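Engineer: model the following, please.
(chains A and B)
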Amino acid sequence: MDPECARLLPALCAVLADPRQPVADDTCLEKLLDWFKAVTEAGSSLLLLQENPCLVELLFHVLKPQDLSSRILSFALRLAGTFAAQENCFQYLQGELLPGLFGEHGPLGAAAWAAPTVRSGWIQGLRSLAQHPSALLFLADSGAVDTIFSLQGDPSLFVASAAGQLLVHVLDLAMRGPAKGHGRLQAQDWPACAQRIVCHLEDCLCSEAAPRVTQALHVLTTAFGHCHGLWTQGLWVQLSPLVARLLEKDPMPAPHALVELLLSVARSSVPSSNPGLWETAAQTLSRLSPMQAGPLAAGILKLQDCPQALRTQAFGVLLRPLACVLEATAQAPGTPGLLEGAAGDPMAVDMLPPSKSACVGLLCSTLAHLELLQPLPQRPSPWPQAPLLAAAVTILRFCNGSAAPSSEVGGRLCAMLVGCVRVQRAALDFLGVLSQGLGPRELVTQVFAVLLEYLMSPDSSPTVLKKAFQATLRWLLSSAVPPGCCDLEPRAQLVLRELLAVLQKRLCSPCWEVRDSGLEFLTQMTRRWGGQAGFRQTLLASEVPKLASQLLQDPESYVRASAVAAAGQLSSQGLLAAPSSPEHPAGPQKTPLEELLLVLTTDSEGFPRRAAMRVFTEWLRDGHMAVAEDRERFMARVLQAASGDLDWEVRVQGLELALIFLQQLLGARSPGAAPPGALAQALRALCRVQLFEFAFRSLFDCDRPVAQKSCDLLLFLRAKAAPSSSPQEAGDSPDVAPVEAALQRWRAGEQGQPLGELAPEAVLAVLRSMDLEALRDTLAESSDHVERSPQSLLQDVLAAVGVLGDNEADCY
Amino acid sequence: MLDCGLDMTSTLNFLPLPLVQSPRLSNLPGWSLKDGNVFLDKELKECSGHVFVDSVPEFCLPETELIDLSTVDVILISNYHCMMALPYITEHTGFTGTVYATEPTVQIGRLLMEELVNFIERVPKAQSASLWKNKDIQRLLPSPLKDAVEVSTWRRCYTMQEVNSALSKIQLVGYSQKIELFGAVQVTPLSSGYALGSSNWIIQSHYEKVSYVSGSSLLTTHPQPMDQASLKNSDVLILTGLTQIPTANPDGMVGEFCSNLALTVRNGGNVLVPCYPSGVIYDLLECLYQYIDSAGLSSIPFYFISPVANSSLEFSQIFAEWLCHNKQTKVYLPEPPFPHAELIQTNKLKHYPSIHGDFSNDFRQPCVVFTGHPSLRFGDVVHFMELWGKSSLNTVIFTEPDFSYLEALAPYQPLAMKCIYCPIDTRLNFIQVSKLLKEVQPLHVVCPEQYTQPPPAQSHRVDLMVDCQPPAMSYRRAEVLALPFKRRYEKIEIMPELADSLVPMEIKPGISLATVSAVLHTKDNKHVLQPPPRPAQPTGGKKRKRASDDIPDCKVLKPLLSGSIPVDQFVQTLEKHGFSDIKVEDTAKGHIVLLQEAETLIQIEEDSTHIICDDDEVLRVRLRDLVLKFLQKF
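Structural biologist: You can find the predicted model right below:
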């Protein structure tokens, strides 16, 4: 601990111990605890207490019956636990203090215990303290374990959950010692403390009260999830019969917690030694309702090693709701579906819940599970791509009312799903993911058909439309022939025509979200296929490019930003029509560059300006024709606009643009200095576009990312301009005084001062004289690094208490 | 009579009435029978494979065969669309009753009728076709003429004089106003949220309540929101006027309308919106008010052409009390409740009575024109269809759900202009109906048969039907239905002085009884108990009966008895009074007490007691008095 903090510590302890001076800010106490934890982790706690007796005095003070706030009491409990984590310090505090704080005569028996924060502090204190064998003895002797048992049912969820975690921690601590030498122990050889906890868990598992069963299952889930000792295998051997018995009960208690436990055990080292687990899992799968079994099935399928039979069963459970959907529209019973076995089983087919909310929930969760499973290497094989596609399409058709149900279940499904946005979103996401695989030709045709239906439907909500656009894009991408080629296959080409007709209408939607999604879709399509003749032809034959450029004037800033991106992309590919609107039918037509510069200089919102900068950066990088015509003029205009922008992101983007320009002038790839001739030429160009003024000014920008970016830029330039490559003649020193004077003024915050004409030599000289590395290091520290020091924290706490009176006086 | 709407779909069988001479329409070939017979070619014309009647359009009237309309006492009107047949009924059937409607309903209804009359009268057509209506001939005609029903009852449009006369029979009412009908029932209009002044009606007596739910809307549009709470506790709820396009969500349709409008105009095309002069047009104008700036259409002129355009736009602004809350508050700012006022002020929306006159001077393209009639058979819309139909740049957007747009377009084929169907029907859909019925819980629902089954074209859509418990009672055309309740009680008032004289006696906790002797006075279905006239005082010792004293005799009544006889105690009492050899037998209805010695039998049942003894009157009276001891008298 640094001396200044040590000096402030007694005053701090006095403030904390004084009930008349409440510490207003909870986060201060949390920060103090973090600090103490860091200090104790770095050195001896015992030494810390001996050197700072005020800390022990504070803890003793808490023991006295008085009107101390529950927050301070909780703080003291956690602080004591932090100190006592080291065994020698534990011994030091054990005599009176620890039993006083954590024993029956401490807060446990006092009125303060009613505050959840005190109970939570008590648990967290013990959690920190329980790190060594002495602590285990203390826990056993002080009766704390019983208290922890009772806190598992605490009305505060935080306290109850922390109590469960503490139990696991204590169990792990107890088992860790003996297990080290002996490997797997028999239950009767477990330490007394562990036996007590296990016994308690057994009681809970046998209890008729569902909350107690749930508590035990949660504790066990945490234990198998976090403890990796061999003893966990013994624990499962001991408790699995009780768990199996739970499965037989009707109704099954706490099914969700049971699923969590089984998955946690399955992910642990238990299955390697206890294959019986798989039987339990299989039994559970068959006993649970479809809604409850879904997470278990999905969890099993994500496991790396698991018996094939169980995987097959789990996959069957997961697919069953979709099989029902397919069956509900099957023209003939027994149509090859997802589940060959289940298709003819009326029980399996009629398993969809009768209520709308349950049915919707089941379908959404099933689709979400399958969506997560699809990209995994361990996903079931063979993957039923075709039936899954058919199921996704059918669900979407049920949702828009176009499915033709062939059974009573189908009729019910139709009534439940029609217009259901939740299912539509889930099914569209899933359909998008399925684009990763192939499908029979007629099914892919159906996919595009249903996607077009959704895109065309006036009833599609904006979020559904967005998902439909995303799924369409994915399917178009997957339709490239051969895979990876940028040409659209003939069928996709046909879809494209209809798609652009829809897009045309969507770009005129009164709902801004729809216009925005439409523009995003257009940008992505153009980026991907802008060079393809078929796409170009179809796009240019439509109104879409014209509409996109009209949307640069949209009243909604998000739409304008998307329009900027779209216009940028279209222009890059030479697809942008000259913008005109019915407002200004005969007005002078601007080039895309002029249009976007206008956005950059005049738009009142940040998003479109940022988008414009991104487009310019892309144009410069890709050598857009409008840029290549006169690159310096382009740079000068954009940098001038960006440097004066109020939005720091625009300024950062401006520096990014400047960096690319630099790299293009000096060669980004070649390491080391640039050839002198090229450097001189480049420097003159940089001066002409006034890049230095922007970069130097940005060094002192009040927004740190801007200053950092500028620093990186100047460092890059300096590296390229090695001393030997200086363009100046020996002995002819440039006049750097005006530049340095300007820099001084900017540093002082007088940003309005102009820099004036710059000579390349002066720039280089200034650049070399600056300690850019130091500046970079300073900027790399977070802006509050000074304020975050422990010393500052202590001062803050003290100051807050000291000036409390003044603050009150201010509140007139 | 609940509502009297006019079926205007009959006009779809007629050729359009052009405002200016249309060579295309006047040169259409006459239709001839298969055998080449041309006797109908003056009446029927053929256009793109369809046959139309070349005559003044005619309308299909409400059913008149089933009931003699002169016997109808009252007509309740729900909204201005449901009164278009009123002149036919009030002027030609001998109707002498009263019509009840709210003020906006009458005013806007008048505008609709005025527009209709104007549309038809300003293009007089000398020719009147009736030959084709002959049943034998009609059978030979192609569909849909062949299948048209009751063509003989189709009538030409009424005159303005008839309209005025019909409207003069309307009694204006306000929401929640209770109107007594002959003392028999009370009727009350409630806001239905569908249109300005639109109402649902409660028809109730003291013990029965029937709700008539007609065109209603739960969406937030311009009218006052629907009053659902007052529909609760109905014995019967008659449900009509649901949305005609249950699969079209109005919000989506408005979006579709705006997108298509913008697309057309941006490409330099014109947009034609066939519409009624009131109703959805207010909401459309409001949407466009918000949309045109964002779509960059501020300089595009919007024209509203109707003989009643000006009145409609102005009326909408003055019916503040009938508007939704948001619009009502604007009035107090003060601001016009509808933004179309601003559109008019800024010259973005211009309105004209017809295409003649000022309009032709101001007309500028591309533009958007709102005009009637939605059937495309008469009104200024006919002119625009002829004018713009040839160019694919133009678009006609159908927003009114009353007419099939394909049938409406039939006489304009071949047509190059784009057609968009965006029916905006804000009336209740089936999901909303389900929620409404769950909320108001009527004992029985009565609705047209069509609502109780999915639409024929979408038989799998079981969500598109009324779903309630018990299942709705359905009716079809010309079916007579008995509503499932009986009038079992009537309310009777007691005059205060009579009530004063009553002496109630509590026979059970909370239940008191009193005997009443009174005169029941019934007039106009109201029943009143009045004190009986005092018996004439004997004057001068002479008893004289006068004619005016012809009143019911008020005899001194025997007291009424109540209570039950506890058999055990009764037997004990008998024994105390010297009866012996008593036997008690239980019967299905009570007990029989046998006094064997006295050869007497006392039969005690729930509502009667009989003492049967042989001519021993003294014994009977003794026993009777013993029985009476156990009973209360009043």
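
Engineer: closest residue of chain A to chain B?
Structural biologist: residue A:458 (3.4 Å; C-beta to the nearest C-beta). Heads up, the C-betas are built off the backbone N, CA and C, glycines and all.

Engineer: tell me the contacts of the residue lying closest to that residue once chain neighbours are set aside?
Structural biologist: Nearest non-adjacent residue to residue A:458, counting by C-beta to C-beta, 6 or more residues apart in numbering or on different chains: residue B:252, 3.4 Å away. Residues in contact with residue B:252, defined by C-beta atoms under 8 Å, 6 or more residues apart in numbering or on different chains, are A:457, A:458, A:459, A:460.

Engineer: return the distance of residue B:252 relative to residue B:397.
Structural biologist: The gap separating residue B:252 from residue B:397 is 14 Å, by C-beta to C-beta, to the nearest Å.

Engineer: list the buried residues for stretch A:396-406?
Structural biologist: Using 16 or more other C-beta atoms under 10 Å in any protein chain shown as the test for burial, stretch A:396-406 gives A:396, A:397, A:398, A:399, A:400, A:401, A:402, A:403, A:405, A:406.

Engineer: cool, stretch B:109-124 as well?
Structural biologist: Neighbour-count burial for stretch B:109-124, with 16+ other C-beta under 10 Å as criterion, is recorded at B:109-120, B:123.

Engineer: report the longest helix in the chain, please.
Structural biologist: Using chain A here. Once chain A is assigned using DSSP state H, the helix that runs over the most residues is helix A:157-182.

Engineer: hm, I was asking about chain B
Structural biologist: The longest helix of chain B (DSSP H) is helix B:103-121.

Engineer: returning to that earlier point: of the contacts of residue B:252 - the most surrounded one?
Structural biologist: Most neighbours among these, by other C-beta atoms under 10 Å in any protein chain shown: residue A:460, with 25 neighbours.

Engineer: doesn't residue B:171 lie inside a strand?
Structural biologist: Yes. Under DSSP: H, G, I helix; E, B strand; the rest coil, residue B:171 falls within a strand.

Engineer: so what pairs up with it in the strands?
Structural biologist: Beta-bridge pairing of residue B:171 under DSSP bridges involves residue B:100.

Engineer: in three-state terms, label residue B:485 for me.
Structural biologist: Following three-state DSSP, residue B:485 is assigned to coil.

Engineer: what does the stretch 451-600 of chain B put close to chain A?
Structural biologist: B:458, B:460, B:461, B:462, B:463 (C-beta under 8 Å from any C-beta of the partner chain).

Engineer: now do 10 Å
Structural biologist: Neighbours of chain A within the stretch 451-600 of chain B, by C-beta under 10 Å from any C-beta of the partner chain: B:454, B:458, B:459, B:460, B:461, B:462, B:463, B:464, B:465, B:467.

Engineer: any chance of those in CSV, with pLDDT too?
Structural biologist: Listed next are these as CSV, based on pLDDT from 0 to 100:
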residue, pLDDT
B:454, 92
B:458, 86
B:459, 85
B:460, 84
B:461, 87
B:462, 86
B:463, 88
B:464, 92
B:465, 93
B:467, 89
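
Engineer: just give me the neighbour total for the closest residue to residue B:144 other than its chain neighbours.
Structural biologist: Closest residue to residue B:144 apart from its sequence neighbours, by C-beta to C-beta, 6+ apart: residue B:13 at 6.7 Å. If you count neighbours by other C-beta under 10 Å, residue B:13 ends up with 24.

Engineer: low-confidence regions, chain A specifically.
Structural biologist: Confidence mapping of chain A against pLDDT under 70 gives the ranges A:24, A:178-185, A:331-350, A:480-488, A:577-588, A:668-671, A:722-734, A:751-753, A:782-788, A:802-812.

Engineer: one step back: ok, then the element right after the longest helix of chain A?
Structural biologist: Counting by DSSP states H and E, the next helix or strand C-terminal to helix A:157-182 is helix A:192-206.

Engineer: helix, strand or coil: sort out the residue in chain B positioned nearest to chain A for me.
Structural biologist: Residue of chain B nearest chain A, by C-beta to the nearest C-beta: residue B:252 (3.4 Å). Under the three-state scheme (three-state DSSP), residue B:252 adopts helix.

Engineer: hey, where'd the helices end up in the stretch 1-150 of chain B?
Structural biologist: Taking DSSP state H, counting those that start in this stretch, the helices of the stretch 1-150 of chain B run over residues B:23-26, B:86-92, B:103-121, B:135-138.
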